[in-house]
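Chemist: Fold the following and give me the result.
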Amino acid sequence: MSGIHHREIGVAGWGLTKRGVTFDIIADGKHIRDKIVAFACRAKGVENVSLISDSVAPAGEGDGVFELWGERITVANGTTRNERGSIAGSVITMHDAVKNMLRWGFSAEEVALMAAVNPARLIGCELNEGDVVELGDDLEIRSVQIGAS
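Modeler: Numbers count the residues shown, from 1 in each chain. Prediction:
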């Protein structure tokens, strides 16, 4: 995807400036630096952003070399790379994306919007208010309630 340049808006700039266009963002700090994630989300408005993990099969496996899509994928320090050196997906979970966004200064309400409400709206799914994931002060999952009232 073409990036933003001061003389060329590129695909990313088009998405940021076009009304009615929403976007998803990989909050792993590898695909996009945390400051750029913040810039993009604030510029577009968190109501127009969905968090995604872009995770691939080695997610949760740690560093190593893996066979994926018929090629060798290396995971080192949380970054996936194919044999050509390009990023090849991520190894974060949505929980990781949520923790990153909270650490990068977004409020719990903003993160809930980007992690759950916006994606559900995009696919036409209604959220059940009884479905809750509770995080502790350390941002680890304390409880999960499905269909609670």
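Chemist: how far does the worst-scoring helix or strand of the chain on mean pLDDT sit from the chain's center?
Modeler: Of all the helices and strands that make up the chain, the one with the lowest confidence by mean pLDDT, DSSP states H and E is strand 132-135; it has a mean of 88. Using CA atoms, centre = their mean, to the nearest Å, the mean C-alpha position of strand 132-135 is found 18 Å from that of the whole chain.
Chemist: Name the residues of whichever helix or strand comes after it that are buried.
Modeler: Counting by DSSP states H and E, the next helix or strand C-terminal to strand 132-135 is strand 141-145. Judged by neighbour count (16 or more other CB atoms under 10 Å), strand 141-145 contains no buried residues. (Glycine included, C-beta is placed from N, CA and C.)
Chemist: What pairs with strand 141-145, parallel or antiparallel?
Modeler: Taking DSSP bridges as the criterion, strand 141-145 sits next to strand 132-135 (antiparallel) in its sheet.
Chemist: Take the strand it pairs with, keep the C-alpha atoms, and write them as CSV.
Modeler: As requested, C-alpha coordinates have been extracted for strand 132-135 and formatted as CSV (Å, rounded to 0.1, in the frame of the first residue of the first chain):
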residue,chain,number,x,y,z
VAL,A,132,-17.9,-8.8,28.6
VAL,A,133,-14.2,-9.2,28.8
GLU,A,134,-12.8,-7.7,32.1
LEU,A,135,-9.2,-6.7,32.2
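Chemist: Nothing else from me, thank you.
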